[in-house]
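Participant: Provide a 3D model corresponding to the input given below.
(one chain, ligands or ions: 1)
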Amino acid sequence: MTLQERDKQYLWHPFTAFGEDDPLLITSAEGVYLHTHDGRKIVDAISSWWVNLHGHSHPTIAKAIAEQAHKLEHVMFAGFTHEPAIELAENLLSILPKNQSKIFLSDNGSTAVEVALKMAIQFWYNQNITNKKKVIAIEGSYHGDTFGSMSVGARDVFITPFNPYLFSVEFIEFPSQEKENQVIEQFKKLVCKGDVGVFIFEPLVQGASGMRIYRPEVLDELMAIARDQGVVCIADEVFTGFGRTGKNFASDYLKISPDLIAMSKGLTGGALPLGATSCSRRIEEVFRDSSANKTFYHGHSYTGNPMSCAAANASIKILLSAECQNSINRISHSFNDFALRYRQTDNRLKSAQRLGCILSLELESSSATSYQNPLRKEIYRRFLSRDILLRPLGNILYVTPPYVTPSSVVENILYEIESFIHNSSRR
Ligand SMILES: *Cc1c(COP(=O)(O)O)cnc(C)c1O
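Facilitator: I've put the predicted structure just below:
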């Protein structure tokens, strides 16, 4: 059997129905290019599900991992510690909002969110406060695929089978510009009742559910209302962290800092799985009690894996370099110009938005805006045939390239998108 036949025989791929297009066989990757077994070079214009920051197989990150693997590959993290994790905590706290004081490590974005939710819930429990059970989230959000993170996410077709098993959450509407005041009023009404304990959100941009961008001013207002009632605010920065929005964190656009921040995806530069949850002193204090029932009993076998931490330390160092920051600015500017041009002159797009290194285009379509929109597969195949990996969310076409993507490649991606939009409007 060929490798592809063996794949078909034995593997089950994520978010993929059996019998869908065969997966591409990738043999190596370097910079922004994925190399297929039959010699194609595909531009990874979505950073492999938004994890890659500095290009594939980055030599500095690869070296950090290899050196760490030879020294200490792993040790359990309860009762033991090591330098890569200590350094990572210091590195993260040096770039996170100033109110953050502790780092809890896990394996991925969903677990980082679970940890934040569990800390927020136990924050109330540890103080014997029993009337703050309500959790608020924003409609259309995506926080991961585990049960807790599904509970606070959009109750869409992906989770229909599990709906009866999820805990109950109140959803406020998405604060799009025309609805800001309405959403603030809705939130105020909910929070005023005094029974809300947790508010979780993707700061400034909802990723997986459609790359929807909203203004920092409205999030600040929501957080101010939450703060007045002591509600624990969780920023899910799994997608937005590490430069994706143009600043290190989306929270850097805000005046009010969240109590808990979930991170993953770009944390290791896309090289190894790792999740991190940071908390503020306010949260930490409530767990500073040696009685057994106030301890945070949560952990994963691979918590604090030294190789993942070493990759993260190397990636953060690259992220903070002038060269990388310049690239982030360069891509942000290209995307901004593109979005502005389309917003002013074109009616073939329902909307063109950008935030940092995220460009999000809502295409006109006879079907409704949703993941199920048939444009998804059409666009995916069309761009792949031109050696560009774009994986639209239905009729939302977005670009989230690695920061090392050269201008010529960025311009080519935008050119291809432009010609797609023009051609499709003539059909
Ligand atoms: C991807 C994502 C997650 C889930 O992360 P995984 O590592 O895929 O479990 C959670 N929150 C947000 C905002 C994400 O984009």
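Participant: Next, the contact list for the residue of the stretch 51-200 of the chain found nearest the ligand, please.
Facilitator: Per C-beta to the nearest ligand atom, Gly109 is where the stretch 51-200 of the chain lies closest to the ligand, at 2.0 Å. The C-beta positions use only the backbone N, C-alpha and C, and glycine is treated the same way. Each residue near Gly109 by C-beta atoms under 8 Å, 6 or more residues apart in numbering is listed here: Gly144, Asp236, Val238, Phe239, Ala262, Met263, Ser264, Lys265, Gly275.
Participant: pretty sure the second one contacts Ala262?
Facilitator: Yes. In terms of C-beta atoms under 8 Å, Asp236 counts as a neighbour of Ala262; the distance is 4.8 Å.
Participant: anything in contact with each of the two?
Facilitator: Residues touching both Asp236 and Ala262 (C-beta under 8 Å, 6+ apart) are Gly109, Val113, Ala116, His143.
Participant: For the third one, which non-adjacent residue is closest in space?
Facilitator: In space, Ala116 comes closest to Leu260 once its chain neighbours are excluded; the distance is 4.2 Å by C-beta to C-beta, 6 or more residues apart in numbering.
Participant: What number of neighbouring residues does that neighbour come out with?
Facilitator: The number of residues packed near Leu260 is 27, by other C-beta atoms under 10 Å.
Participant: And the pLDDT at it?
Facilitator: Note for Leu260: predicted pLDDT of 98.
Participant: which residues of the stretch 101-250 of the chain fall in helices?
Facilitator: Along the stretch 101-250 of the chain, the segments classed as helices by DSSP state H, counting those that start in this stretch run 109-125, 147-151, 180-192, 216-228.
Participant: Show me what counts as buried in stretch 329-347.
Facilitator: Neighbour-count burial for stretch 329-347, counted by 16 or more other C-beta atoms under 10 Å, picks out Arg330, Ile331, Ser332, Ser334, Phe335, Phe338, Ala339, Tyr342.
Participant: Among those residues, which pair sits farthest apart?
Facilitator: Farthest pair in those (C-beta to C-beta) is Arg330 and Tyr342. Separation: 19.3 Å.
Participant: was I right about Phe420 contacting Arg382?
Facilitator: Yes. At 6.6 Å, Phe420 counts as touching Arg382 under the criterion of C-beta under 8 Å.
Participant: is it true that Glu67 lies in a strand?
Facilitator: No. Glu67 is assigned helix when assessed by DSSP: H, G, I helix; E, B strand; the rest coil, not a strand.
Participant: Return the residues in contact with it.
Facilitator: Ala310.
Participant: repeat that for 6 Å
Facilitator: Neighbour list for Glu67: empty [criterion: C-beta atoms under 6 Å, 6 or more residues apart in numbering].
Participant: And Met119, by the same measure?
Facilitator: Applying C-beta under 6 Å, 6+ apart to Met119 gives the contacts Ile283.
Participant: Can you check what pLDDT the model gives it?
Facilitator: 98.
Participant: which residues sit in contact with Thr36?
Facilitator: For Thr36, the contact set (C-beta under 6 Å, 6+ apart) comprises Leu24.
Participant: Would you mind naming the residues that bridge with it?
Facilitator: Listed beta-bridge partners, Thr36: Ile26 (assigned using DSSP bridges).
Participant: what separates it from the ligand, distance-wise?
Facilitator: In this structure, Thr36 and the ligand are 24 Å apart, going by C-beta to the nearest ligand atom, to the nearest Å.
Participant: repeat for Ser365
Facilitator: Taken as C-beta to the nearest ligand atom, the span from Ser365 to the ligand is 24 Å.
Participant: my read is Glu30 is in a strand, agree?
Facilitator: Yes. Per three-state DSSP, Glu30 lies within a strand segment.
Participant: Give the closest residue to it in space, chain neighbours not counted.
Facilitator: The shortest distance from Glu30 to any non-neighbouring residue, by C-beta to C-beta, 6+ apart, is to Ser57 (5.2 Å).
Participant: Now the one you found: phi and psi?
Facilitator: Backbone torsions of Ser57, given as degrees, to the nearest 10, read phi 50, psi 40.
Participant: And the one 5 residues further on, by the same measure?
Facilitator: Note on Ala62: its backbone torsions stand at phi -60, psi -40 [degrees, to the nearest 10].
Participant: Next, count neighbours for the closest residue to it other than its chain neighbours.
Facilitator: Nearest non-adjacent residue to Ala62, counting by C-beta to C-beta, 6+ apart: Ala271, 7.5 Å away. By other C-beta under 10 Å, 25 other residues sit near Ala271.
Participant: name the element Ala271 belongs to?
Facilitator: Using DSSP states H and E, Ala271 maps to neither a helix nor a strand.
Participant: can you pull the pLDDT of Glu364?
Facilitator: pLDDT recorded at Glu364 is 87.
Participant: ok, it to Lys350 distance?
Facilitator: Going from Glu364 to Lys350 by C-beta to C-beta, to the nearest Å gives 6 Å.
Participant: Ok, Ser308 next?
Facilitator: Ser308 sits 40 Å away from Lys350, going by C-beta to C-beta.
Participant: Next: Leu267.
Facilitator: From Leu267 to Lys350 the distance is 33 Å (C-beta to C-beta).
Participant: So which elements touch the longest helix seen in the chain?
Facilitator: In the chain, taking DSSP state H as the definition, the longest helix is helix 322-345. When contacts are defined as 3 or more C-beta pairs under 6 Å, 6 or more residues apart in numbering; DSSP states H and E, helix 322-345 sits against strand 349-355, helix 407-426.
Participant: pLDDT averaged over that helix - what is it?
Facilitator: Summarised as a single mean, pLDDT over helix 322-345 is 93.
Participant: What is the burial count for the residue nearest to Ser334 when sequence neighbours are not counted?
Facilitator: In this structure, Ser334 finds its nearest non-sequential neighbour in Val410, 5.2 Å apart by C-beta to C-beta, 6+ apart. A count of nearby residues for Val410, using other C-beta under 10 Å, gives 24.
Participant: Touching, Val410 and His333? I think so.
Facilitator: No. Val410 is beyond contact range of His333, at 10.0 Å (criterion: C-beta atoms under 6 Å).
Participant: Residues in contact with the longest helix of the chain: which ones?
Facilitator: Helix 322-345 is touched from outside by Gly243, Gly246, Ile318, Leu349, Ala352, Arg354, Gly356, Cys357, Leu359, Tyr403, Val410, Leu414, with contacts defined as C-beta under 6 Å, 6+ apart.
Participant: If we only consider the residues you listed, which is nearest to Val157?
Facilitator: The nearest one, if we look at these relative to Val157 and count by C-beta to C-beta, is Leu349, at 25.0 Å.
Participant: Please name the residues that touch the closest one.
Facilitator: Applying C-beta under 6 Å, 6+ apart, the residues contacting Leu349 are Tyr342, Leu361.
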